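Visitor: Fold the following, please.
(one chain, ligands or ions: 1)
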Amino acid sequence: MTKSSGERTTTTDADTEDLEAIIRSAAPTLLDEAFRAMLAERERARTAPPEPEPVLPRPDPGPGIFGYGGEVRWHCRHWCGWYHAERPDLDVIGPVVIPADGGPDDVSAAITRQAKGRHQARHDRVLAAVTEHYEQEHQEAESASHSGR
Ligand SMILES: [Zn+2]
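Guide: Numbers count the residues shown, from 1 in each chain. You can find the predicted model right below:
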């Protein structure tokens, strides 16, 4: 006759004691570290200079439901009346590249990648236009805002 049941893997008391010792010794250290990191982060946030105003202004889709007729504007942050305009609805949608043996996840990833690429391209265009405008028209104000006023 063979014993087929009743045998289990048991944890000996010695194993449990070792484990508890490890947990006891590690827990305070981990908590300490987390607490110290939190305090350090709070101190850093308190003493850090205020973040400079981002160069890229927020996009303005325009008033009401018609906005600027599909145009999105990025106004000069000095409100001189200048703005950079884009027509996101007229963006040329490039090819979506999917591997030949791709499944639904690959299709989704490819579409996401393509959208991110378009978003990045627009971001770069707007940033370039805004930066150029600031350099040409607001050099003095810009250099003042970067040297802490
Ligand atoms: Zn301006």
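Visitor: buried ones in stretch 97-114?
Guide: For stretch 97-114, a neighbour-count test (16 or more other Cβ atoms under 10 Å) marks residue 110 as buried. C-beta: built from backbone N, CA, C; applies to glycine.
Visitor: likewise stretch 122-133?
Guide: Buried residues in stretch 122-133, defined by neighbour count with 16+ other Cβ under 10 Å: 126, 129-130, 133.
Visitor: How about stretch 85-97?
Guide: residue 86.
Visitor: How far away from the center of its chain is it?
Guide: In this view, stretch 85-97 has its centroid 22 Å away from the chain centroid, taken as Cα atoms, centre = their mean, to the nearest Å.
Visitor: cool, stretch 99-119 as well?
Guide: The answer for stretch 99-119 is 20 Å, by Cα atoms, centre = their mean.
Visitor: Also stretch 118-128?
Guide: 16 Å.
Visitor: how about the residues of this structure that lie near the ion?
Guide: 76, 78, 80, 82, 137 (Cβ under 5 Å from the ion).
Visitor: For the buried residues of stretch 122-133, give me TSV that also has secondary structure.
Guide: Shown next, in TSV, are the buried residues of stretch 122-133 (DSSP: H, G, I helix; E, B strand; the rest coil):
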residue	secondary structure
126	helix
129	helix
130	helix
133	helix
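Visitor: Residue of the protein closest to the ion, please.
Guide: Nearest residue of the chain to the ion (Cβ to the ion) works out as residue 76 at 3.0 Å.
Visitor: Just give the number of residues close to that residue.
Guide: When neighbours are counted by other Cβ atoms under 10 Å, residue 76 registers 16.
Visitor: so what's it up against?
Guide: Counting by Cβ atoms under 8 Å, 6 or more residues apart in numbering, residue 76 touches 57, 82-83, 130, 133-134, 137-138.
Visitor: next one: phi and psi at it?
Guide: Dihedral pair for residue 76: phi -60, psi 140, per degrees, to the nearest 10.
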